[in-house]
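Kindly generate the corresponding structure for this input.
(one chain, ligands or ions: 1)
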Amino acid sequence: MDFQYWHPAVEKMPRDRLESLQLEKLKAEVGYALKTPFYTSRLAAAGIHSADDIKTLDDLRRIPFTTKHDLREGFPWGFLAIPRAEVVRLHASSGTTGMPTTIYFSRDDIKRWSGFVARCIYGTGCTKEDVFQNMITYGLFTGGLGFHAGGEEVGMLVIPSGAGNTFRQFRLMQDFGTTVVHATPSFLLHVEDRMREAGVKREHISLKRAFAGAEPYSEDTRRRIEGLLHIDVYNSYGLSEMNGPGVAFECQCKNGLHVWEDGYIAEIIDPDTLEPVADGETGELVLTVLCREATPILRYRTRDLTGFYTEACPCGRTHRRLRRITGRSDDMLIINGVNIFPSQIEEVIMGIKEVGNNYLIVVEKYGALDRLTVKTEVGPEIFMDDSRPLNALKERIRATLQASISINPKVELHEGGSLPVSEGKAVRVQDTRPRDV
Ligand code: DLL
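Here you go, the predicted model:
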């Protein structure tokens, strides 16, 4: 196979040089961190007062972990390391109520991030001849603008179609000869379903590749999409705290995600003991950003469960590969690519006075997409046999939830005392989606 590298000297850099580069960048990043209110005190408590206190890569372990909770506590400016006037963009994590986690970028940060995404895209064999339809949400979510900029950097013709509106997507594919798409894996399956309904045949479109990520999916799902659409599907991993997409990506070998170690330091820890796991074992991924000056984030607990492949990749890249993410060490749900915590749903429904005390969150597959149903009990003042106020209440709950979590749920109302009550810890979430990762 002819492998294609965006930045061969970096992608195939010998490990010792790569690690020296990481140390240099880590020191710079600690320097930025010491300009933020949050890390100034956090690092001082760990005995780190200047970038020179970091002498080897092992010194990373002296730095305490950073959590999503810390980021929320630091909202809005606690993690900002540069003057506000030097910030050119912000992104915030999807679906969070109250205090979102917000990441700021300088102009150079955006350039570096686009470079990493371009590296991912080019490494799958794309060139400037390709037509790239970015079928993912634009806006505060990083998937849209992140891939958009990376695609332009490669020189592809980028169609900013955004997510949804399947029929328009087919139109665009046919009108402009789209060769590459980016979407969540569930949206890709949905597109395929709709294609058949719309009578669009495989030979009517020129699709060759897809980038699929932002939510977990299995190898079987990848194969299914590849078989149905006759394309190559590449797994794409990232998170808003680490810029967004472009953290780890599959190369043409499609066997594990290369983490760009000149941009990020990846550690795998045991989520209970917080100690590193043995090489190749599964644990929680912890990431340190090495390519951002505006919002340095050190040793971020991603909560994503994965492990490293220990063998070298035939493509010749020296950056280590992560296995497919198999789940999370917290209760965050990813519904059609949108992240939400059950507590956010609880906060909304419990704020509605007619809602009773018990509720159940059901997540299931509905066709290719995910469907969220929120079942709540109603208080005794609501009569279950009068449908008008019931329907109005249902609609109010639905609209309030949608406004706050960016997902349109189905709402069911149940009589007080009729939803199952568990004896021990309340079971509030029933996630029946197949988990065959
Ligand atoms: O999902 C960034 C992104 C955009 C990645 C487009 C890939 C493509 P967040 O909204 O902050 O950012 O969600 C990050 O999504 O911690 C994982 O739990 C999950 N996730 C992302 N990619 C994958 C993947 C974007 N390939 C959270 N496999 C992460 C499994 C994934 N889970």
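
rest of the way, CA atoms for contacts and neighbours
Fine.

so what's the residue in the stretch 301-437 of the chain that the ligand sits nearest to scoring on pLDDT?
Here the stretch 301-437 of the chain gets closest to the ligand at one residue, Ile325, 4.7 Å apart by C-alpha to the nearest ligand atom. Reading off the per-residue confidence, Ile325 sits at a pLDDT of 93.

any idea how far Leu322 is from the nearest residue in space to Gly125 that is not next to it in sequence?
Beyond its immediate neighbours in the sequence, the residue positioned closest to Gly125 (C-alpha to C-alpha, 6 or more residues apart in numbering) is Gln4, lying 6.1 Å away. Taking C-alpha to C-alpha, to the nearest Å as the measure, Gln4 falls 20 Å from Leu322.

Which one's more surrounded, these two?
Neighbours of Gln4 and Leu322, each counted by other C-alpha atoms under 10 Å, are more numerous for Leu322; the result is 25 against 17.

and the residue of the stretch 1-150 of the chain at minimum distance from the ligand, how far is that from Ala212?
Among all residues of the stretch 1-150 of the chain, Gly143 sits closest to the ligand, at 3.7 Å; criterion: C-alpha to the nearest ligand atom. Separation of Gly143 from Ala212 (C-alpha to C-alpha) stands at 11 Å.

Would you map out the domains in this protein?
In the assignment given by automatic domain parsing, the structural domains of the chain cover 1-329, 333-431.

Point out the most buried one among those domains.
Greatest average neighbour count among the domains of the chain goes to domain 1-329 (a mean of 19), per mean count of other C-alpha atoms under 10 Å.

distance between the ends of that domain?
For domain 1-329, the first-to-last residue distance is 37 Å (C-alpha to C-alpha).

likewise stretch 324-340?
Using C-alpha to C-alpha, the end-to-end distance of stretch 324-340 comes to 21 Å.

in the stretch 151-300 of the chain, which spans are helices?
Taking DSSP state H, counting those that start in this stretch as the test, the helices found in the stretch 151-300 of the chain are 166-176, 185-198, 219-229.

cool, the stretch 1-150 of the chain as well?
Defined through DSSP H, counting those that start in this stretch, the helices belonging to the stretch 1-150 of the chain, from first to last, are 8-11, 15-33, 37-45, 68-73, 107-122, 142-154.

Touching the longest one from outside, list them.
When you say that, I think you mean helix 15-33. Defining contact as C-alpha atoms under 8 Å, 6 or more residues apart in numbering, one finds that helix 15-33 is touched by 10, 39-40, 50-52, 54-57, 79, 81-82, 261-263, 265, 289-298, 318.

what sits up against stretch 348-362?
Contacts of stretch 348-362 with the rest of the structure, by C-alpha under 8 Å, 6+ apart, involve 342, 372-382, 397, 400-401, 404, 416-417, 419, 421, 427-432.

Take those and keep only those in helices.
Among these, the members falling in helices are 342, 397, 400-401, 404 (criterion: DSSP state H).

what's near enough to touch Glu129?
If a contact means C-alpha under 8 Å, 6+ apart, then Glu129 has 155-157 as its contacts.

backbone phi and psi for it, please?
Glu129 has phi and psi values of phi -80, psi -20 when expressed as degrees, to the nearest 10.

from now on call the first residue 40
Yep, numbering from 40; the last one is Glu168 now.

State the mean pLDDT of the longest strand anywhere in the chain.
Counting residues, the longest strand found in the chain (DSSP state E) is strand 394-405. The predicted model assigns strand 394-405 a mean pLDDT of 90.

Next step: the contacts of Glu168 restricted to strands.
Members of these lying in strands (criterion: DSSP E): Leu196.

which stretches of the stretch 90-239 of the chain aren't confidently modelled?
Low-confidence segments of the stretch 90-239 of the chain, defined by pLDDT under 70, are located at 133-138.

Any stretches of the stretch 340-476 of the chain with poor pLDDT?
Applying pLDDT under 70 to the stretch 340-476 of the chain picks out residues 461-464, 475-476.

Could you show which parts of it are in contact with the ligand?
By C-alpha under 6 Å from any ligand atom, the residues of the stretch 340-476 of the chain that approach the ligand are 341, 343, 364.

Swap in 5 Å and give it another go.
Within reach of the ligand by C-alpha under 5 Å from any ligand atom, the stretch 340-476 of the chain has these residues: Ile364.

on that earlier part again, contacts only, for the residue of the stretch 340-476 of the chain closest to the ligand.
For Ile364, the set of contacting residues under the criterion of C-alpha under 8 Å, 6+ apart consists of 255, 343-345.

Tabulate these (JSON lines), appending distance to Gly406 and secondary structure.
Listed next are the contacts of Ile364 as JSON lines, based on distance: C-alpha to C-alpha, whole Å; DSSP: H, G, I helix; E, B strand; the rest coil:
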{"residue": "Pro255", "distance to Gly406": "17", "secondary structure": "coil"}
{"residue": "Asp343", "distance to Gly406": "26", "secondary structure": "strand"}
{"residue": "Leu344", "distance to Gly406": "27", "secondary structure": "strand"}
{"residue": "Thr345", "distance to Gly406": "28", "secondary structure": "strand"}
